[in-house]
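Trainee: Predicted structure and sequence below. I'll ask about it afterward.
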Amino acid sequence: MDTPPPARDPRAYLDALVARSRTPGVQYLVVGPGGTLFEYDGGWADLRHRVAMTPSTTMMAYSMSKTITAAAVLQLVAAGRARLEDEIDESGPTPYGPGTTVRRLLAHLSGLPNPIPLRWVHPVAGHATFDEHAALAAVLAAHPKRASAPGTTYRYSNIGYWLLGRVVERASGASFPAYVTERVLTPLGIAPTELGYAIPDAARHAHGYLEKYSLMNLAKRLLIDRDLIGDYEGPWLRIEPHYLNGPAFGGLVGTARGFGKFLRDQLQPQSIVLDGTARVLFTEQQRTTAGAPLPMTLGWHIGDLGGRPFHYKEGGGGGFHCEMRIYPGPRVASVVMTNATGFDVKACLNALDVGFCRGRPGGRRP
């Protein structure tokens, strides 16, 4: 999507995005090892009622959740309660057969299919009685064939990360949300109001929006459950509050500040949640069985911004789009969260992060 040209003032740049209706609202946070370098919250969490976006407004993280899932898995591997070469069938039957290991699932190297997951959601009202295990079983039955041989090629798969949630549950003896909350989020001082697997307060949760003039809007009834389609509000179509069917592949709900605490921990010499071995695995580039390098670690995608390598995870779906990054060289991390499906998170971070990696603008040198 088109965005204003990069500005030396990040606040003015973000103000312009909102003013030009690129997104109803946005949170952008930059952290270094010592704390916050820059924070912005602007626009609207709720267009109809003119509720402003604030630092405590929660949004859906969608696939940005996968990196937190990977951290939980690697934590259990480091504790000897799971192994990277374990077959996924050891955590419950699947139709995929041998070669579907924990390592390959983490690196999107398992060859599992990736059908469009936009309908793998349910309304907030039905969440208390929702049966996740039955939903996963139905997805596995509907998509029983691999898309490629395991270990041979990078192939993104939401099913793969949904299955990793089952690995966490078997290895820990706890539900997936309970384990991640207790062992990953709470040790970092992340409150349930900042990041978790439930909407903590409906009054502080942003409405998600879909662009009225977009291809996805034209095809919305094929892609999105009609119960989640709201009314038009100016150039936006409101998407009603919902949960994803599988928390491990996309279920986190939270704020940029919540993710910022996780990112800041990963910038420290020693992480609170990942020991040395797990930390190496978390950032080590993976390879196919033939030795070809992948654009993946065991939990992060690998990117480059003007010669600066970074690790990142993007997430997007019905009404929200976000991305977080870690730049190991300058020891800076950023996250942007928006309540617009089609917002160009990559262009936004590309435009804003360069200055902070150089120690400017809008913040002190980390």
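Mentor: Good, I have the coordinates. Remember, it's a predicted structure, so these values are computed and weren't measured experimentally.

Trainee: so where's the longest strand in this protein?
Mentor: Ranked by number of residues, the top strand in the chain under DSSP state E is strand 35-46.

Trainee: Work out the sheet partners of that one and label each with its direction, please.
Mentor: When pairs are called by DSSP bridges, strand 35-46 turns out to pair with strand 25-32 (antiparallel), strand 51-52 (antiparallel).

Trainee: State the distance from residue 313 to residue 41.
Mentor: Computed with CB to CB, to the nearest Å, the distance linking residue 313 and residue 41 is 21 Å. For the C-beta atoms, the positions are set from N, CA and C on the backbone; glycine is no exception.

Trainee: Next: residue 165.
Mentor: Taking CB to CB as the measure, residue 165 and residue 41 are separated by 31 Å.

Trainee: Between those two, point out the one with more neighbours.
Mentor: More neighbours surround residue 165 than the other of residue 165 and residue 41, with 26 against 21 (other CB atoms under 10 Å).

Trainee: give the contact list for the closest residue to residue 163 other than its chain neighbours.
Mentor: Distances taken as CB to CB, 6 or more residues apart in numbering place residue 88 nearest to residue 163, at 5.3 Å, with adjacent residues excluded. Taking CB atoms under 8 Å, 6 or more residues apart in numbering, we find residue 88 in contact with 94, 96, 100, 101, 102, 105, 110, 163, 166, 167.

Trainee: What about the third one, how many residues nearby?
Mentor: The local packing count at residue 100 equals 23, with neighbours defined by other CB under 10 Å.

Trainee: residues contacting the residue nearest the centre of the chain?
Mentor: In the chain, the C-alpha nearest the mean C-alpha coordinate belongs to residue 64, at 0.6 Å (CA atoms, centre = their mean). With contact taken as CB under 8 Å, 6+ apart, residue 64 is in contact with 250, 252, 259, 313, 314, 315, 322, 323, 324.

Trainee: sorry, back to before: just the contacts of residue 88 now: which is nearest residue 144?
Mentor: Ranked by distance to residue 144 (CB to CB), the contacts of residue 88 are led by residue 96 at 7.6 Å.

Trainee: Residue 245 is nearest to which of the strands paired with strand 35-46?
Mentor: When these are ranked by proximity to residue 245, the top entry is strand 25-32, at 25.4 Å, counting by CB to CB.
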